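Peer 1: Everything below, folded, please.
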Amino acid sequence: MNFLLKTVTRLVLAAALATGVTTAAQGSLIDRPEVRAFASEFSIRHGIPEEEVQAILAEARHDPEVIERAERPAERLSWQRYRPIFLTQERIEQGVEYWERNEELLEEIADLYGVDPEIIVAILGVESRYGSHRGRHRIIDALATLAFDFPRRGSFFRSELEAFLLLAREEGIDPTEPTGSYAGAMGKPQFIASSYRAYAVDHNGDGRRDLFDNSGDALASVANYLAVHGWKRGEPLARRVEVTGAAWKDLTSPLNRPVRVAHKVNTLRDAGVIISGEIDSGATVALIELQGAEGAEHWITHRNFYAVTRYNHSALYAMAVHQLAEEIREARRQ
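Peer 2: Numbering: from 1, shown residues only. Model (predicted):
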């Protein structure tokens with residue numbers, strides 16, 4: 001069905017909803033008072049006819065798999081189990097191939113935003129296997145399901161549903177069509193709707209920020225996101241360290257939120273962190289502990305690592321991106 005026909009169909013459905021006529025397209029979600037309340041509030045805030053909002057939400061379906069996956073995200077795994085998901089020879093080789101295929105574009109974007117090209121490639125590798133695996137859940141279904149049937153984070157996902165409906169209007173996207181992750185992330189770089197609206201860029205100047213099919217827009221949007229959150233080209237992300245005693249434990253950062261640099265190198269050394277090689281004693285870093293295949297691993301992380309944890313609030317995610325980027329860069333040199 002083309003976009004015009006879908007628009008007409010939705011307007012017909014809107015009229016039916018306004019007059020109380022029940023249709024098969026309504027589904028179960030729109031009959032719930034909290035969903036109708038959301039539609040009403042959205043309409044008031046953004047000046048969009050309530051019937052139009054209801055008509056879109058009438059096409060949303062509860063997706064039970066979304067709830068199951070939200071209850072057991074990969075980021076809850078140990079580093080020992082998380083790392084092998086992304087650090088595979090196949091993904092490294094695909095990263096080298098992707099970089100070589102898009103080398104000119106990547107260098108242009110890296111220079112424009114001051115972000116190292118290997119990290120842009122690695123983020124696409126972790127997020128969507130370089131754009132080839134973008135998720136199979138309809139975004140409207142995933143967000144509506146989490147917004148109204150996942151109380152622990154319902155408020156967050158209602159805001160993301162609101163952002164998605166606005167994004168669809170702004171970018172000319174049919175809100176019933178895009179598919180993505182169980183959490184509503186979409187496109188090659190898997191941006192959630194609020195990030196899409198805030199950080200996506202129109203790199204090729206065609207008037208659209210297309211993260212689904214336009215590689216330039218996708219790569220530039222990743223670079224822009226990192227640059228806005230403090231990335232500095234050529235600076236390090238993380239360094240493996242050793243520890244002695246127990247005082248260092250009080251200085252470790254949580255693994256499930258952005259890893260902010262909070263301690264001077266000398267403070268960590270005084271607490272029993274052994275840092276080899278040259279490093280500015282007055283530099284500000286963070287300390288994390290991961291459970292690897294051979295036991296506990298300790299790392300100091302820098303502000304570039306923090307920038308990656310703003311993309312995804314998991315230290316495991318940022319470490320996977322860091323190590324995949326290193327592997328791709330080294331493989332490309334061979």
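
Peer 1: Okay, domains of the chain per the record?
Peer 2: For the chain, automatic domain parsing gives the domain ranges 1-59, 238-301.

Peer 1: how about low-confidence regions in the protein?
Peer 2: 1-28 (pLDDT under 70).

Peer 1: Just the strands from it, written as ranges.
Peer 2: 137-138, 179-180, 238-243, 263-264, 273-274, 284-292, 295-301 (DSSP state E).

Peer 1: hang on, the earlier thing: columns distance to residue 334 on top of the domains of the chain, output as TSV?
Peer 2: The way it works is simple: take the backbone N, C-alpha and C, and place the C-beta from them, glycine included. Below are the domains of the chain laid out as TSV (distance: least, CB to CB, whole Å):
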stretch	distance to residue 334
domain 1-59	47
domain 238-301	23
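
Peer 1: quick one: which of those is nearest residue 157?
Peer 2: Proximity to residue 157 (CB to CB) singles out domain 1-59 among these, at 11.0 Å.

Peer 1: Including mean neighbour count and distance to residue 189, could the domains of the chain go into TSV?
Peer 2: TSV is the format used below for the domains of the chain (neighbours: other CB atoms under 10 Å; distance: least, CB to CB, whole Å):
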stretch	mean neighbour count	distance to residue 189
domain 1-59	15	24
domain 238-301	16	18
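
Peer 1: Go through those and name the closest to residue 72.
Peer 2: domain 238-301 (14.0 Å).

Peer 1: can you put the strands of the chain in JSON lines and add distance to residue 145?
Peer 2: JSON lines is the format used below for those (distance: least, CB to CB, whole Å):
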{"stretch": "strand 137-138", "distance to residue 145": "9"}
{"stretch": "strand 179-180", "distance to residue 145": "13"}
{"stretch": "strand 238-243", "distance to residue 145": "35"}
{"stretch": "strand 263-264", "distance to residue 145": "40"}
{"stretch": "strand 273-274", "distance to residue 145": "44"}
{"stretch": "strand 284-292", "distance to residue 145": "32"}
{"stretch": "strand 295-301", "distance to residue 145": "34"}
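
Peer 1: so which of the ones you listed comes closest to residue 187?
Peer 2: strand 179-180 (7.3 Å).

Peer 1: returning to what we had before: between the strands of the chain, which one is nearest to residue 331?
Peer 2: Once the strands of the chain are compared by CB to CB, strand 238-243 is nearest, at 19.4 Å.
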